[in-house]
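[1] Coordinates only, no sequence provided:
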């Protein structure tokens, strides 16, 4: 054990204790590293696991370097079933114990301990999760249904993955600077040999920019998608209370997040339940008192390009206010440059509001929030319109 978080295997070193997080689609790895540990975490290395099902984050400040192996990947591919938990005694000059586990093809535990009591306590805590297919532990720990396996027989380089830099910008910037310098020198030499008439270059034709509502899903499709994803990810777990479920849109993608608050429950129960039913375990926050599960998916059905002339702000605003007041419903409209922000708070029937808004062109959904304790929904959207007034367009 050359360091507090590393194993030496022959001439190679493997890193334990990576912060394993579910991989998020369409989110750059740099942003995922910041989300995993915050701005001050220093995570600048990562390894992928399970065909990019998970990312494990590490920091150079902890003695890790690119090219080191992710220790948990050395046990991948073992014929131990989908759910296994292992405690290995690490041979060497200093005593150590490695607790590692997988559930549903994802890393569940990956910690190296130098104290046997702490190692055994961490192992027994993970053991509380249900339905382990196989359990590995030293015979001296006297764990029922457990078998002892030497660490050397559990390691394989066949599926090992390496740590890679999170941010490749410094190298890319250096290569780009060299390329620009070479291109600049070539251009100057070429320009000097040309006649002055040949130096006149036409301005390139730029394609028109897409309007902000282009590619957005319709309001009904957004609400239907988000409500279904919220229901799928809102997994009940004993001792854990669901604070809220939220769905936010970016382009044609919708990201659904569910957050739990611990009320006496065991974190391993939540990780096991979410890993089994959602395909990925939730992420523990603030020392295990909160947990969050997020997934991003495409919302089908896109909003067709509307006619801007149909979007007179004063006209659609009056139309909507009259419509909602007639039905005794509350509607909040806030004007901004080029659009109106729309906000609707209700305790039931959020899908029915879409029927009241489907005839409004260039309406793009932004977010949908549900709080189970208050049984309240909050829908936010934008209605885009020209910056000109109705008199200027008439």
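    Yep, it's here. Treat the numbers as computed from the prediction; the structure is a model and nothing was measured.

[2] what comes into contact with the strand or helix carrying residue 98?
    Per DSSP states H and E, residue 98 falls inside strand 96-103. Defining contact as Cβ atoms under 8 Å, 6 or more residues apart in numbering, one finds that strand 96-103 is touched by 1, 7, 16, 71-72, 75-76, 82-90, 107-114, 116, 119-120, 122-123, 126, 129, 151, 271-272, 275-276, 281. (Glycine included, C-beta is placed from N, CA and C.)

[3] next one: stretch 80-93
    So stretch 80-93 is contacted by 1, 7-8, 75, 78, 95-105, 108-109, 112, 119-120, 123, 126-127, 129, 131-138, 141, 149-151, 154 (Cβ under 8 Å, 6+ apart).

[4] Can you say which of these are buried?
    For the contacts of stretch 80-93, a neighbour count by 16 or more other Cβ atoms under 10 Å gives the buried set as 1, 7, 75, 78, 96-105, 108-109, 112, 119-120, 123, 126-127, 129, 132, 134-138, 141, 149, 151, 154.

[5] Could you tell me the model confidence score at the residue lying closest to residue 350 once chain neighbours are set aside?
    Excluding the flanking residues, the one nearest residue 350 by Cβ to Cβ, 6 or more residues apart in numbering is residue 377, at 4.2 Å. Model confidence at residue 377, given as pLDDT, is 89.

[6] Now the phi/psi pair for residue 377, please.
    Note on residue 377: backbone dihedrals following degrees, to the nearest 10 are phi -110, psi 150.

[7] and it, what does it touch?
    Contact analysis of residue 377 by Cβ under 8 Å, 6+ apart lists 344-348, 350, 368-370.

[8] Tell me which of these has the lowest pLDDT.
    Model confidence across these bottoms out at residue 348, which has 70.

[9] Provide the count of other residues in contact range of that residue.
    By other Cβ atoms under 10 Å, 9 other residues sit near residue 348.

[10] who are the neighbours in contact with it?
    Residue 348 sits next to 375, 377 when contact means Cβ under 8 Å, 6+ apart.

[11] which residues of the stretch 251-394 of the chain fall in strands?
    Ranges of strands in the stretch 251-394 of the chain, per DSSP state E, counting those that start in this stretch, are 253-262, 283-285, 290-298, 332-336, 339-346, 363-371, 376-384.

[12] Quick check: neighbours of the longest one in the sheet, parallel or antiparallel?
    Listed by DSSP bridges, the sheet partners of strand 253-262 and their directions read strand 240-250 (antiparallel), strand 290-298 (antiparallel).

[13] which one of the ones you listed lies closest to residue 333?
    Closest of the strands paired with strand 253-262 to residue 333 is strand 240-250, at 19.2 Å (criterion: Cβ to Cβ).

[14] circling back to that earlier point, only whichever of the contacts of residue 377 are buried, select them in ChimeraX.
    For the buried members of these, the matching ChimeraX selection, counting by 16+ other Cβ under 10 Å, is:
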select :344,350,368,369,370
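
[15] and which of the contacts of residue 377 is nearest residue 65?
    Once Cβ to Cβ is applied, the member of those that ends up nearest residue 65 is residue 369, at 42.4 Å.

[16] Show me what the closest one is bridged to.
    Following DSSP bridges, residue 369 is listed with bridge partners residue 246, residue 378.

[17] I'd guessed it sits against residue 243; true?
    No. If you go by Cβ atoms under 8 Å, residue 369 and residue 243 don't touch, sitting 10.8 Å apart.

[18] picking that back up, just the contacts of strand 96-103: which are in helices?
    116, 119-120, 122-123, 126, 151, 271-272, 275-276 (DSSP state H).

[19] which one among the residues you listed gets closest to residue 355?
    So of those, ranked by how close each gets to residue 355 (Cβ to Cβ), first place is residue 276, at 36.8 Å.

[20] Skipping adjacent residues, who's closest to that closest one in space?
    In space, residue 276 is closest to residue 104, 6.1 Å off (Cβ to Cβ, 6+ apart).

[21] what's the distance between that neighbour and residue 80?
    According to Cβ to Cβ, to the nearest Å, residue 104 and residue 80 sit 13 Å apart.

[22] what's near enough to touch residue 143?
    123-124, 127, 135, 137.

[23] Greatest separation within these: which pair is it?
    124 and 135 (11.0 Å).

[24] Can you convert the contacts of residue 143 into TSV and add a column each for distance to residue 49 and pLDDT?
    Converted to TSV, the contacts of residue 143 look like this (distance: Cβ to Cβ, whole Å; pLDDT from 0 to 100):
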residue	distance to residue 49	pLDDT
123	21	92
124	25	91
127	22	89
135	21	92
137	23	93
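
[25] can you give me the strands in the stretch 51-200 of the chain?
    Under DSSP E, counting those that start in this stretch, the stretch 51-200 of the chain gives strands at 54-58, 69-70, 84-90, 96-103, 106-113, 134-136, 146-147, 164-165.

[26] Turn these into CSV, columns for distance to residue 294.
    Listed next are those as CSV, based on distance: least, Cβ to Cβ, whole Å:
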stretch, distance to residue 294
strand 54-58, 13
strand 69-70, 22
strand 84-90, 26
strand 96-103, 18
strand 106-113, 15
strand 134-136, 30
strand 146-147, 34
strand 164-165, 23
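
[27] which one of the contacts of residue 377 sits closest to residue 317?
    Using Cβ to Cβ, residue 344 comes nearest to residue 317 of the contacts of residue 377, at 14.6 Å.

[28] thinking again about what came up before, so for the residue nearest to residue 276, what pLDDT did the model give?
    82.
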